[in-house]
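Asker: Quick one, fold the following:
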Amino acid sequence: MNDEVVKSQTCRLRWLSKNTALLGVVVVLTSQAYNWYVEKSKRSHDDVERSFYDAIMIMRFETIVSVLLLSIVLALSGCTNHGPLESNSVVSPQQPTVQLPLPATFTGAIPCDDCEYVEIALTLRPDFLYQLRKTYHNVDEAPRIEAQMERWRYSSGGSLIVLGKERGRLKTYRIMSKNRLRFVNWEGALPEDQIRYDLTIADLVDPFPDVVRARGMFFFDGESASITECAGEQKFAVARDGAYDELVQRYLNTPLSQGQPLLISFFGSLRPSFDGLSGSGEEIVVDRLRRVYPNLDCQGNQLEANLTGTFWRLVELNDQPVEAPEGRARAFLSMAADRTLTGYGGCNRFSGTYLVKGDVFLINRHQASRIVCNGAMAAENDFLTALDETETYRLDQSTLDLLDQNDRRRARFTVDTSMLQEEAQ
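Answerer: Predicted coordinates for the structure are as follows:
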């Protein structure tokens, strides 16, 4: 019996158990209507007035009974599944078909074409992270291990477990019981590679010390660091060994808004946390940093305007609004990821380098042209002086503020949404 039939029959039984009283009313009314018919057939056809009254009453009972019967039919037909179950219909984690004793590790073994066999250990966590280890065994060779950590979810009314998030790479298991899972499908695999196998629950939960490739949002508050990993969106403290120092330096050297995290990809593992910094009781050990992605979130969306790769148009100088000189382009500043910068002061172009260390921001400017512009030189000199005296910055959405050593705002910029790089006249 397939899932659709079971669900339909269960729905009907629940409806009948909840509406016993309604069924009783239907039976009584039906019985009364029947008695009216019998009584009518016994009466003389000469009593027209009495017969007409009886007919009206019978019609009322017939109408009521018909409506009630129709309601029952429609309610029970609603229990019928008129289409296939959606494979990606996620149900509430609190309402699976079988309540699994999470966290739990399920183990098994499958044959292998180029090895003796593959040992599988799958750990399902209550935070909806799964940890999967495949150990390839071969004669006279050291076992080879492949490990991954991703997100899992219930599907199809809680009867299935789906591993992963990316379509085309999902793995599906059917929950046979609280102690057994059956592999069903692996998206993208050839039919001959779809090996059917069962995993049974282990006595102990696997501690899973394996190093996996992962991505997450890294944040450093000046004292400690954390990573909100992208798979299950869980926040973990970062252990101070491994690549911790490199991570902190990359974060401080990347131009970011105050409080903004940095997307990173890395190789790392989870282990129990003993310092109480991680609310999950675990911490991430980053073995190796692979890459940083400034100003992106886990889905690849841009968070806000980035300090680098943006044309910053000058709108205020020493708290005074700035307008473009007549017949000339607006002053702007643009910084590249390689620590070089270019700009325009309203008359002359300039270039240089910059240094970012946390919120420290220093500019080493070089004059590129020496044109004299009537009516624009005073404003340009004030702008260049403000750049030379900048020691820190604030980046908020599409606004960039440059501040001096006294925390006084010397210049304010906004993003040039038209990406205008005007030609200086």
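Asker: List the buried residues of stretch 142-154.
Answerer: Ala147, Gln148, Met149, Glu150, Arg151, Trp152, Arg153, Tyr154 (16 or more other Cβ atoms under 10 Å). Glycine gets a C-beta too; all of them are placed from N, C-alpha and C.
Asker: Ok, stretch 245-256 next?
Answerer: Applying 16+ other Cβ under 10 Å to stretch 245-256 flags Leu247, Val248, Arg250, Tyr251, Leu252, Thr254, Pro255, Leu256 as buried.
Asker: quick revisit: take the buried residues of stretch 142-154 and lay them out in JSON lines including secondary structure, pLDDT and distance to Thr105.
Answerer: Output for these, formatted as JSON lines (DSSP: H, G, I helix; E, B strand; the rest coil; pLDDT from 0 to 100; distance: Cβ to Cβ, whole Å):
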{"residue": "Ala147", "secondary structure": "strand", "pLDDT": "95", "distance to Thr105": "13"}
{"residue": "Gln148", "secondary structure": "strand", "pLDDT": "93", "distance to Thr105": "15"}
{"residue": "Met149", "secondary structure": "strand", "pLDDT": "93", "distance to Thr105": "14"}
{"residue": "Glu150", "secondary structure": "strand", "pLDDT": "92", "distance to Thr105": "16"}
{"residue": "Arg151", "secondary structure": "strand", "pLDDT": "91", "distance to Thr105": "17"}
{"residue": "Trp152", "secondary structure": "strand", "pLDDT": "93", "distance to Thr105": "13"}
{"residue": "Arg153", "secondary structure": "strand", "pLDDT": "91", "distance to Thr105": "18"}
{"residue": "Tyr154", "secondary structure": "strand", "pLDDT": "92", "distance to Thr105": "18"}
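Asker: Max pairwise distance over those: which two?
Answerer: Greatest spatial distance among the buried residues of stretch 142-154 (Cβ to Cβ): Ala147 and Tyr154, at 23.3 Å.
Asker: related to what we said a few turns ago, specify which member of the buried residues of stretch 245-256 is nearest to Glu283.
Answerer: Using Cβ to Cβ, the shortest approach to Glu283 within the buried residues of stretch 245-256 belongs to Leu247, at 13.1 Å.
Asker: I'd assumed Leu289 was in contact with the closest one.
Answerer: Yes: assessed by Cβ atoms under 8 Å, Leu247 is found in contact with Leu289 at 6.0 Å.
Asker: quick one: common contacting residues for these two?
Answerer: Ile264 (Cβ atoms under 8 Å, 6 or more residues apart in numbering).
Asker: How about Val285: what's its closest non-neighbour residue?
Answerer: Ala239 (4.5 Å; Cβ to Cβ, 6 or more residues apart in numbering).
Asker: try Phe361
Answerer: Tyr393 is the one closest to Phe361 (Cβ to Cβ, 6+ apart), at 4.1 Å.
Asker: Next one: the one you found from Leu341, what distance?
Answerer: Separation of Tyr393 from Leu341 (Cβ to Cβ, to the nearest Å): 13 Å.
Asker: try Thr385
Answerer: Distance from Thr385 to Leu341, counting by Cβ to Cβ: 16 Å.
Asker: Look at the two and report which has more neighbours.
Answerer: Leu341 (20 against 14; other Cβ atoms under 10 Å).
Asker: Helix or strand: which one has the more buried one?
Answerer: According to DSSP states H and E, Leu341 maps onto strand 340-344.
Asker: how far is that strand from where the chain is centred?
Answerer: Strand 340-344 sits 37 Å away from the centroid of its parent chain (Cα atoms, centre = their mean, to the nearest Å).
Asker: Just the C-alphas of that strand, formatted as CSV.
Answerer: Only the C-alpha atoms of strand 340-344 are listed here, as CSV (Å, rounded to 0.1, in the frame of the first residue of the first chain):
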residue,chain,number,x,y,z
THR,A,340,45.3,51.5,-5.1
LEU,A,341,43.0,54.5,-5.4
THR,A,342,42.1,57.1,-8.0
GLY,A,343,40.1,60.3,-7.7
TYR,A,344,39.2,63.7,-9.0
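Asker: tell me which residues in the following helix or strand past that strand are buried?
Answerer: For strand 340-344, the succeeding helix or strand toward the C-terminus, using DSSP H and E, is strand 349-357. Using 16+ other Cβ under 10 Å as the test for burial, strand 349-357 gives Phe350, Gly352, Tyr354, Val356.
Asker: which residues touch Ala104?
Answerer: Contacts of Ala104 (Cβ under 8 Å, 6+ apart): Thr123, Leu124, Ile201, Ala202, Val205.
Asker: again with Arg412
Answerer: Arg412 makes contact with Leu314, Val315, Glu316, Leu317, Thr399, Leu400, Asp401, Leu402, according to Cβ under 8 Å, 6+ apart.
Asker: My reading is that the residue nearest to Phe361 is in a strand; is that accurate?
Answerer: Yes: assessed by DSSP: H, G, I helix; E, B strand; the rest coil, Tyr393 belongs to a strand.
Asker: what bridges to it?
Answerer: Leu402 (DSSP bridges).
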